[in-house]
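Student: Here you go, sequence then predicted model.
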Amino acid sequence: MQKWIMAVLFFGACTFGLVLLIVTSAQPKPEAEPEPQIAAPAVTLDKVAAETVYKQSCLSCHGDQLQGKIGPNLQKAGTKFTEQQLYKLILNGKGGMPAFKSSLKEEEIANLSLWLAEHK
């Protein structure tokens, strides 16, 4: 008699779980909020200043010829990323790369991203 009761309870619980799963998956999910767009300040490319910032902040991880060391190769960064993508990446960091928004000015980051975007 106990086996019969246990079987009924087990199948009842499974049925309840299945119905609960179907009901909750049918409910509309809230849309993810779009990421706020970060706009780089408009700057005119100053290659000397960009190279100086690169040597001070990036050379140790990306190498003296942009060949990559700890960080990835940047010799063709302009073919992989747009200026805006590079700006956002340098500003906020990603993965093992630190954010530079607290150590570099926005204009320096914009100039550096413009310089890197030209490497194709």
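Tutor: Received the coordinates, thanks.

Student: and the worst-scoring helix or strand of the chain on mean pLDDT, how far out from the chain's middle?
Tutor: Using mean pLDDT, DSSP states H and E, helix 2-26 stands out as the lowest-scoring helix or strand of the chain, at a mean of 83. Here helix 2-26 is found 42 Å from its chain centre; the criterion is C-alpha atoms, centre = their mean, to the nearest Å.

Student: Counting neighbours, which bits of that helix end up buried?
Tutor: For helix 2-26, a neighbour-count test (16 or more other C-beta atoms under 10 Å) marks nothing as buried. Just so you know, the C-beta spots here come from the backbone N, C-alpha and C atoms, and that holds for glycine as well.

Student: Give me the helices and strands touching it, please.
Tutor: The contact analysis (3 or more C-beta pairs under 8 Å, 6 or more residues apart in numbering; DSSP states H and E) places helix 2-26 against no helix or strand.

Student: Would you mind listing the outside residues contacting stretch 52-62?
Tutor: 68-74, 97, 100, 103-104, 108, 111-112, 115 (C-beta atoms under 8 Å, 6 or more residues apart in numbering).

Student: Now do that stretch: distance from first to last residue.
Tutor: 14 Å (C-alpha to C-alpha, to the nearest Å).

Student: Repeat that for stretch 28-41.
Tutor: Stretch 28-41 has an end-to-end distance of 39 Å (C-alpha to C-alpha).

Student: Looking at that stretch now, give me its mean pLDDT.
Tutor: In this model, stretch 28-41 has an average pLDDT of 73.

Student: Report the beta-bridge partners for the residue nearest to the spatial centre of the chain.
Tutor: Centroid-nearest residue in the chain: residue 94, 5.5 Å away (criterion: C-alpha atoms, centre = their mean). Note on residue 94: beta-bridge partners by DSSP bridges are residue 97.

Student: That one and residue 23, how far apart?
Tutor: 39 Å (C-beta to C-beta, to the nearest Å).

Student: Please name the residues that touch residue 113.
Tutor: Going by C-beta under 8 Å, 6+ apart, residue 113 touches 40, 83, 84, 86, 87, 89, 90.
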